[in-house]
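Trainee: have a look at this fold, sequence not included:
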């Protein structure tokens, strides 16, 4: 098939080797088959099975390495609270997320 596939309203589940998963969707996307690169635009959303959601205007997903990144404003919500930052990098197949600053974080007040 074609090396470049233009997508309308792409959505998909990504299963990780540790048994967890990610749901990814956006308004538009471009998939480059030769590199396994998925470029999302228009409300790019990544939802992790632990309840964490990342929202940004765009995001690039490297399906082969299990990484994603955006240099645009990102909003993260999850069990920890909320975070607004100027970008993010998801590495280690979702095991770690790094945020670019300046950032603002509000932690949930949990009592154990």
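Mentor: Looks like it arrived, so ask away. Note that the structure is predicted; figures quoted are calculated from it, not measured.
Trainee: for this protein, what's the longest strand?
Mentor: Criterion DSSP state E: the longest strand present in the chain is strand 37-48.
Trainee: sketch out the low-pLDDT regions of the chain for me.
Mentor: Applying pLDDT under 70 to the predicted model, the residue ranges of the chain that meet it are 1, 16-17, 94, 110-112.
Trainee: give me that answer again for 90
Mentor: Screening the chain residue by residue with the criterion pLDDT under 90, one finds the ranges 1-2, 12-24, 36, 46, 48-52, 61-68, 79-80, 90-97, 101, 108-112.
Trainee: can you give me the distance of residue 54 to residue 4?
Mentor: Noted for residue 54: a distance of 25 Å to residue 4, by CB to CB, to the nearest Å. Where C-beta positions appear, they are placed from N, C-alpha and C, glycine not excepted.
Trainee: higher neighbour count, these two?
Mentor: A count of neighbours by other CB atoms under 10 Å puts residue 54 above the other of residue 54 and residue 4, at 25 against 11.
Trainee: for the residue positioned nearest the centre of the chain, list the residues it contacts.
Mentor: Against the mean C-alpha coordinate of the chain, by CA atoms, centre = their mean, the closest residue is residue 46 at 3.8 Å. Contact analysis of residue 46 by CB atoms under 8 Å, 6 or more residues apart in numbering lists 22, 23, 24, 53, 54, 59, 68, 90.
Trainee: excluding chain neighbours, what is closest to it?
Mentor: Using CB to CB, 6 or more residues apart in numbering and skipping residues adjacent in sequence, the residue nearest residue 46 is residue 54, 4.5 Å away.
Trainee: before we move on, what about residue 36?
Mentor: If you skip the residues right next to it in sequence, residue 36 has residue 64 as its closest partner in space, 3.9 Å away by CB to CB, 6+ apart.
Trainee: touching, that neighbour and residue 38? I think so.
Mentor: No: between residue 64 and residue 38 no contact is recorded; they are 10.4 Å apart, counting by CB atoms under 8 Å.
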